[in-house]
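Undergrad: Could you look at this predicted model? Sequence included:
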Amino acid sequence: MRRFIPFVTKDPMVAVLRLQGIIAGGSPARLNDIGLAPTIEKAFRRGRPSAVALLLNSPGGSPVQSSLIAARIRRLADEKGIPVIAFVEDVAASGGYWLATAADEIYADANSIVGSIGVISAGFGFNKFISRYGVERRVYTAGDSKAMLDPFQPEKDEDIARLRQLQDQIHGTFKAQVRARRGARLADDPALFTGEIWVGARAQEKGLIDGIGHMVPVMKDRFGARTRFVTYKQRRPFLSRFGARLAADALAGVEDRATYARFGL
């Protein structure tokens, strides 16, 4: 009945936005802007939250999707005047840390892995394999760069140089995002942008996080013991939950494990 009595103050509410997994476009099993947009909108617009907490566990992925998701969070935070506080679970690395920078403050567990501010491209070369079995690769292009880094052809120095130029551009954008959001809190350390990672207190020393802490005690200390938490997370498509995408999900699971394994998880 309390909610019907005028002038009675409600308990503070924190909207919890769970961001867990690989960041990639085009898949409902991944974190991406189009899939997360309705969830993020609800977190900021429902129930007048005192704050939005980002509960993060991501080893990264697409720089574009990382940028889009972080930008959406910031737009809504600024529009609604709602503070955003991030809490890292196992890892917020690479694109996962990009998401963390959308917050006004970042906290982590003493064992959380943070950082990896860099850009990586990986693949396989099959040219020797197919030649061993007498397979001939035929490629016809209009445009000298259309077959750049074709995995069935030998690597070319000019292709590698071009890829590194692209990586440098993306890396520059990533560094600009971190500097803009973390500002003077960042340590004066050249290693910050080398792709290095840090754990817990060391990440705090580097200015990548603001402290060691967990979501519930930190938020209750800030907003009061009666603070309520409402969790929002990206929904998987209806048919996917009943096995319609089992093969694709199995492959995605293998890729997820390989990505997390880079950080010893």
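TA: That came through, no problem.

Undergrad: Dump the helix or strand where Asn57 lies to PDB, keeping only the CA atoms.
TA: Following DSSP states H and E, one finds Asn57 within strand 51-58. In PDB, the C-alpha atoms belonging to strand 51-58 read as follows (Å, rounded to 0.1, in the frame of the first residue of the first chain):
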ATOM      1  CA  ALA A  51      22.300   4.800 -10.600                       C
ATOM      2  CA  VAL A  52      23.000   2.300 -13.300                       C
ATOM      3  CA  ALA A  53      25.500  -0.400 -12.400                       C
ATOM      4  CA  LEU A  54      27.400  -2.200 -15.200                       C
ATOM      5  CA  LEU A  55      28.200  -5.800 -14.200                       C
ATOM      6  CA  LEU A  56      31.000  -6.600 -16.600                       C
ATOM      7  CA  ASN A  57      32.600  -9.900 -17.600                       C
ATOM      8  CA  SER A  58      34.000  -9.700 -21.100                       C
END
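
Undergrad: I'd like to know which elements it is packed against.
TA: Strand 51-58 is packed against strand 13-20, helix 63-80, strand 84-93, helix 95-100, helix 215-223, with contacts defined by 3 or more Cβ pairs under 8 Å, 6 or more residues apart in numbering; DSSP states H and E. From N, CA and C alone the C-beta is placed, and that goes for glycine too.

Undergrad: Turn these into CSV, including distance to Ala161.
TA: As requested, the helices and strands packed on strand 51-58 are exported to CSV (distance: least, Cβ to Cβ, whole Å):
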stretch, distance to Ala161
strand 13-20, 35
helix 63-80, 20
strand 84-93, 27
helix 95-100, 25
helix 215-223, 45
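
Undergrad: hey, which of those is tucked in deepest?
TA: helix 95-100 (a mean of 28; mean count of other Cβ atoms under 10 Å).

Undergrad: Now find how far off-centre that helix is within its chain.
TA: Mean-position distance between helix 95-100 and its chain equals 4 Å (Cα atoms, centre = their mean, to the nearest Å).

Undergrad: How about stretch 158-172?
TA: 21 Å.

Undergrad: and what of stretch 143-160?
TA: 30 Å.

Undergrad: Now tell me what touches it from outside.
TA: 123-127, 130, 137, 139, 141, 162-163 (Cβ atoms under 8 Å, 6 or more residues apart in numbering).

Undergrad: Much appreciated, bye for now.
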